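Enquirer: here is my input, please return the structure:
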Amino acid sequence: MNLLLLMAHSIEEYDQVRLLSGLGYDVFSLGGYIDPAHPHDPKRPALPDAPRHPELQAVVDALGTDDNITAAKDRLPDDLIDWADVIVCHHYEHRWLWPQWDRIRHKRVVWRTVGQSVEHNERLAEPYRADGLQIVRYSPKERNIPGYAGEDALIRFYKDPAEYGGWTGDEPVVINVTQHLRQRDPYTNWRFWDEATAGLPRLALGPGSEVIGGPGELTYDEMKGWLRRARCYLYTGTQPASYTLGLIEAMMTGIPVISIGPKHMDIFPYGPDLFEGHAIATIPIRPNRLRTIRETLLWLLDDPDFALDVSHHQRSKAIRLFGRDAIGAQWRAFLGAP
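Expert: So this is what the prediction gives:
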């Protein structure tokens, strides 16, 4: 089975190419992993064992634009459409699916919502849904979006447990890994982070963190190093997503995670009903109370034994919800045998 992926996020792309090719599907991804052995984006490692398709890449390269990959997604070359058995679009469906629907509707087309759909997207999808579009959700909370267009499967994000783990918590500091945490406020809830961690040992990590005292963008190994040695993690979410890859990477590593509560996810009127980070990163506290979250952070900083208990609980839950065995089986059930 030939899977053509239209990707917008190189970290998720790495996960998808690794998982689906490892399951036996023939994958060609229009994104940073168009050549898996030589990715365009250094945020994640190369995938030398994934399928390579120089003949398809040559079709994209021949477009002769300033950005051939984007141009290919905006108007899929006929050779790519012919090759694909299934076309899976992660986000930007309004740009990569609807304008060229008549050219691809004879294929099996899947919209993967990945927490980026809001009411407008759902309502625009309705006529394509009636014309054969399949939808794979990543959270049950997406059913609360007004105008919800339905689903053919619910498959959460994936992370390989073997890539993570090894948490020690030796450094008593609260961390967060978010791209442009300060710059994208209020979507990233930076003000909540700033108030909840004021006066505590804290460090924001990721691109743009330099403006709030962080080190800026990290390599993959540097990021995993911080997740392993920091004592705890305050997760602030990214609106309108129900949860993000950063939450899974933290939990899969084993660093204790405290999550913001749903009432703070209020940019969209239905935002609180979309969020489930607090329900995934479970700790017996009430996550809408800022003081209680701060008190729990202090508890984790002061009590390594409590932190260890939380670590074991959350890593086990992450493996159960997002690990290779569970998510691989769900993709096989949806797609069929490769």
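
Enquirer: next one: the biggest helix by length in the chain to chain centre, how far?
Expert: When the chain is parsed with DSSP state H, its longest helix is helix 304-322. Helix 304-322 sits 20 Å away from the centroid of its parent chain (C-alpha atoms, centre = their mean, to the nearest Å).

Enquirer: now do it, average pLDDT.
Expert: Helix 304-322 comes out with an average pLDDT of 96.

Enquirer: tell me what it is packed against?
Expert: Helix 304-322 sits against strand 230-235, helix 245-253, helix 290-302, with contacts defined as 3 or more C-beta pairs under 8 Å, 6 or more residues apart in numbering; DSSP states H and E. Heads up, the C-betas are built off the backbone N, CA and C, glycines and all.

Enquirer: what is the last one packed up against?
Expert: It refers to helix 290-302. Under the contact definition 3+ C-beta pairs under 8 Å, 6+ apart, helix 290-302 sits against strand 171-177, helix 190-197, strand 230-235, strand 257-259, helix 304-322.

Enquirer: check which residues of the shortest one are buried.
Expert: Yep, that's strand 257-259 we're talking about. Residues Val257, Ile258, Ser259 are the ones in strand 257-259 that count as buried (16 or more other C-beta atoms under 10 Å).

Enquirer: and stretch 13-23, which residues are buried?
Expert: Under the neighbour-count criterion of 16+ other C-beta under 10 Å, stretch 13-23 has Glu13, Tyr14, Asp15, Gln16, Val17, Arg18, Leu19, Leu20, Ser21, Leu23 buried.

Enquirer: hmm, I typed the wrong one, I wanted stretch 136-147.
Expert: Those would be Val136, Arg137, Tyr138, Ser139, Lys141, Glu142, Ile145, for stretch 136-147 by 16+ other C-beta under 10 Å.

Enquirer: what about that stretch, average pLDDT?
Expert: pLDDT averaged over stretch 136-147 gives 98.

Enquirer: from start to finish, how long is that stretch in a straight line?
Expert: 16 Å (C-alpha to C-alpha, to the nearest Å).

Enquirer: any residues touching that stretch, and which ones?
Expert: Contacts with stretch 136-147, where a contact means C-beta atoms under 8 Å, 6 or more residues apart in numbering, come from 88, 110-115, 117-119, 122-123, 126, 148, 151-157, 242-243, 270, 273-276, 334.

Enquirer: I'd like the next helix or strand past the longest helix of the chain.
Expert: helix 324-335 (DSSP states H and E).
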